[in-house]
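need a 3D model of the following:
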Amino acid sequence: MQAWHPITKLVAVLGVLALAWLWWTNDEFQTGMASADPAGTVPVVQPETVAVPDTRPAADRALFARALPSIEAFSGMLERPLFSSSRRPALVEPELALTDSPSAPIEPAAGPRQPSIRFIGSVEEAGTVRAFVGNGLEVRSVATGDEIEGWQVLTIEPRRLVLGLDDERYELKILE
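Purely as a prediction, here's the structure:
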């Protein structure tokens, strides 16, 4: 004990004193009363269990029930993108081409015009898969069969969205 640090000695002595004090006062703290009823004739009332109504928001109840919340619960993520440093949707500015001389009018390419959207992600809710698509300013959710700029949503997978227009197919991959 001579090799012990002085603080260790102090802690050991205080611990022994605390145990002695707990042993000495044990009866008062354990029963909640100072031995006024040594025979134990006072009846002990057991607390009743009372049902407490669940006051958590619907999104929390769904989370605790191991189910995904509704699509509306993700509106904050859509309004404030997670991977943007400003947490604001990206603004898409139209690119204007400046030319020195007027050129011949450009003819549209043959075939349907590809939609100007990006595939952001997908979520499954109650067996229905929905995809989040956006054009930079607005984000919306679509399901299989919905229409986007004339194209119909054919397939929604976790990392892929397939659109169709007549015999044409257009595939979008997440964050491309």
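
use CA for all of it now, contacts and neighbours both
OK.

break the chain down into its domains, please.
1-32, 68-91+115-176 (automatic domain parsing).

would you turn these into JSON lines with mean neighbour count and mean pLDDT?
Listed next are these as JSON lines, based on neighbours: other Cα atoms under 10 Å; pLDDT from 0 to 100:
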{"stretch": "domain 1-32", "mean neighbour count": "11", "mean pLDDT": "81"}
{"stretch": "domain 68-91+115-176", "mean neighbour count": "15", "mean pLDDT": "82"}
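
which one of those lies closest to V50?
domain 1-32 (23.5 Å; Cα to Cα).

ok so, going back, for the domains of the chain, give me CSV that also has distance to T49.
Compiled in CSV, the domains of the chain are given as follows (distance: least, Cα to Cα, whole Å):
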stretch, distance to T49
domain 1-32, 21
domain 68-91+115-176, 30
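
closest to A51 out of the ones you listed?
domain 68-91+115-176 (25.0 Å).

separation between Q2 and L22?
28 Å (Cα to Cα, to the nearest Å).

oops, could you answer that again for N135 instead?
In terms of Cα to Cα, N135 sits 70 Å off from L22.

now D166
Distance from D166 to L22, by Cα to Cα: 84 Å.

and if you look at F132?
Using Cα to Cα, F132 is found at 63 Å from L22.

also P6?
Per Cα to Cα, P6 is found 24 Å from L22.

what residues are up against Y170?
Contact analysis of Y170 by Cα atoms under 8 Å, 6 or more residues apart in numbering lists 114, 162-164.

can you redo those as JSON lines with secondary structure?
Below are the contacts of Y170 laid out as JSON lines (DSSP: H, G, I helix; E, B strand; the rest coil):
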{"residue": "Q114", "secondary structure": "coil"}
{"residue": "V162", "secondary structure": "strand"}
{"residue": "L163", "secondary structure": "strand"}
{"residue": "G164", "secondary structure": "strand"}
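
all set, thanks.
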